[in-house]
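Student: I'll drop the sequence and a predicted model, then ask my questions.
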Amino acid sequence: MKHVNLSIALATGACVAAFTAAPAFAETLKLAHFVPPAHVVTGSVVEPLVEGVSADTNGELTIQVYPGGELGAGPMEQYVRALQGVADITWGLPGYTSSQFPKSMIVEMPNAIPDGMTGYDMLWNAYDAGHLDSEFPGTRPLAIWASEPSVFIMKDHEIRSPEDLQGLKVRVSGSVPGAMITALGGTPVQMPAGEIYNALQTGLIDGVVTGMSAVADFKLDEVANSYTVGAPLGHIMFYLVMNQGAYDALPEDQKAAIDNNSGRGLSRSGEEGWNARARETLEKVSADPDNTVIRLSEEEIAPFDTVATETRDRLIQEMGGEDVYAAMKGGN
């Protein structure tokens, strides 16, 4: 019995020593996403947050990143993982669960972002005005932003007019681009981004509407061979959210570190990162003689533009989103 008590005492003492040696309020948060570490989200959003928070707290608050679906592979469950605490912070696309984010996804609509405005500013304008609270229950948005403009990424089909889309199956990221493809005469197909490569390769789909950055992130240049740039196809929205309870449990200085490294600043970094990757990727595919890169003229853009504006106005009217859209553009 004495040996048992001695063992317990030694173990207890070691635990106390370890606890007292650790920094006060030391905490590690889990950040989960479903794409490989080389994806643009790492350098433009994840690393700025991780490094900024660590620096501001002298390492007392750290963020452990779990890429590639390590905490759950399904991209459609990303928001739920944050809500349930499987991860403290998750990155995802509202388009995968479009019904939860109808107001936020106005920013995805074709011709929704006016010249001179950014997607992240529009989203934060609406969020700060209280229009988007109901779409982020139980979480705290750390970043909300939009991708570069979407383009046509096709296999063995050249898109120069809406007529070229008739009967083609085109992968979309959610209901908003799906409505645009339907209006143009194509058939929208929803699937996770990780499935696009095989679907294009096998002919399950004829093409994709998404940003050029996805070509690099998912190696679509290995299976696609035609790219059409200039049609107003909208954008893709992204979120980085934190479980509200996990945020509330942090001491004030650590909350401040999260706040200082998130919001519009982190969202701007994400949007600029997506646009930079898109420019680099377009240059790369343009330099490959096996690719056809179609840059539409103003005359060729016009019929797409008509459909885009009609689709935007119809979708906003159907959802009663006029006030949200006005707030996004800086109105009350």
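Tutor: Alright, I've got the coordinates.
Student: going forward, measure contacts and count neighbours with C-alpha atoms only.
Tutor: Noted.
Student: number of residues surrounding residue 265?
Tutor: Other residues within reach of residue 265, judged by other C-alpha atoms under 10 Å, total 16.
Student: that one belongs to a strand?
Tutor: No - remark: residue 265 does not belong to a strand; assigned using DSSP: H, G, I helix; E, B strand; the rest coil, it is helix.
Student: tell me how far it lies from residue 272.
Tutor: Residue 265 sits 11 Å away from residue 272, going by C-alpha to C-alpha, to the nearest Å.
Student: the residue lying closest to residue 164 once chain neighbours are set aside: neighbour count?
Tutor: Nearest non-adjacent residue to residue 164, counting by C-alpha to C-alpha, 6 or more residues apart in numbering: residue 158, 7.3 Å away. Residues near residue 158, counting by other C-alpha under 10 Å, number 19.
Student: what's residue 158 in contact with, if anything?
Tutor: 164, 226-228, 292, 294 (C-alpha atoms under 8 Å, 6 or more residues apart in numbering).
Student: tell me the SS of it?
Tutor: coil.
Student: measure it to residue 325 for me?
Tutor: 34 Å.
Student: ditto for residue 301
Tutor: Taken as C-alpha to C-alpha, the span from residue 301 to residue 325 is 24 Å.
Student: which one of those two is surrounded by more residues?
Tutor: Taking neighbours as other C-alpha under 10 Å, residue 301 and residue 325 compare with residue 325 leading, 23 against 18.
Student: doesn't the more buried one belong to a helix?
Tutor: Yes - counting by three-state DSSP, residue 325 is part of a helix.
Student: okay, the most centrally placed residue in the chain: pLDDT?
Tutor: What sits nearest the mean C-alpha location of the chain, by C-alpha atoms, centre = their mean, is residue 238, with 2.5 Å. Residue 238 is assigned a pLDDT of 98 by the prediction.
Student: low-confidence ranges, this protein, go.
Tutor: For the chain, applying pLDDT under 70 flags the ranges 1-25, 332.
Student: please, where are all the helices along the stretch 151-300 of the chain?
Tutor: For the stretch 151-300 of the chain, the helices defined by DSSP state H, counting those that start in this stretch occupy 175-184, 196-202, 213-217, 244-248, 252-260, 264-287, 298-319.
Student: domain parsing of this structure, as residue ranges.
Tutor: 27-147+236-276, 150-234+291-328 (automatic domain parsing).
Student: just so I know, which of the ones you listed lies nearest residue 284?
Tutor: domain 150-234+291-328 (9.3 Å; C-alpha to C-alpha).
Student: how far does that closest one stretch from start to finish?
Tutor: Termini of domain 150-234+291-328 sit 20 Å apart (C-alpha to C-alpha).
Student: cool, stretch 204-224 as well?
Tutor: With C-alpha to C-alpha, one end of stretch 204-224 sits 13 Å from the other.
Student: ok, the residue nearest to the centre of the chain touching residue 96?
Tutor: No - assessed by C-alpha atoms under 8 Å, residue 238 is found out of contact with residue 96, at 10.4 Å.
Student: quick one, strands of this structure?
Tutor: 27-32, 61-66, 89-92, 139-146, 150-154, 169-172, 187-190, 207-211, 226-229, 237-243, 292-295 (DSSP state E).
Student: now the third one: how far from the chain's centre is it?
Tutor: Taking the mean of its C-alpha atoms, strand 89-92 sits 9 Å from the chain's own mean (C-alpha atoms, centre = their mean, to the nearest Å).
Student: thinking again about what came up before, who does the residue nearest to the centre of the chain bridge with?
Tutor: Residue 238 has the following beta-bridge partners by DSSP bridges: residue 145.
Student: who's in contact with it?
Tutor: 91-94, 144-147.
Student: go with 6 Å
Tutor: By C-alpha atoms under 6 Å, 6 or more residues apart in numbering, the contact list for residue 238 reads 92-93, 144-145.
Student: brilliant, that's me finished.
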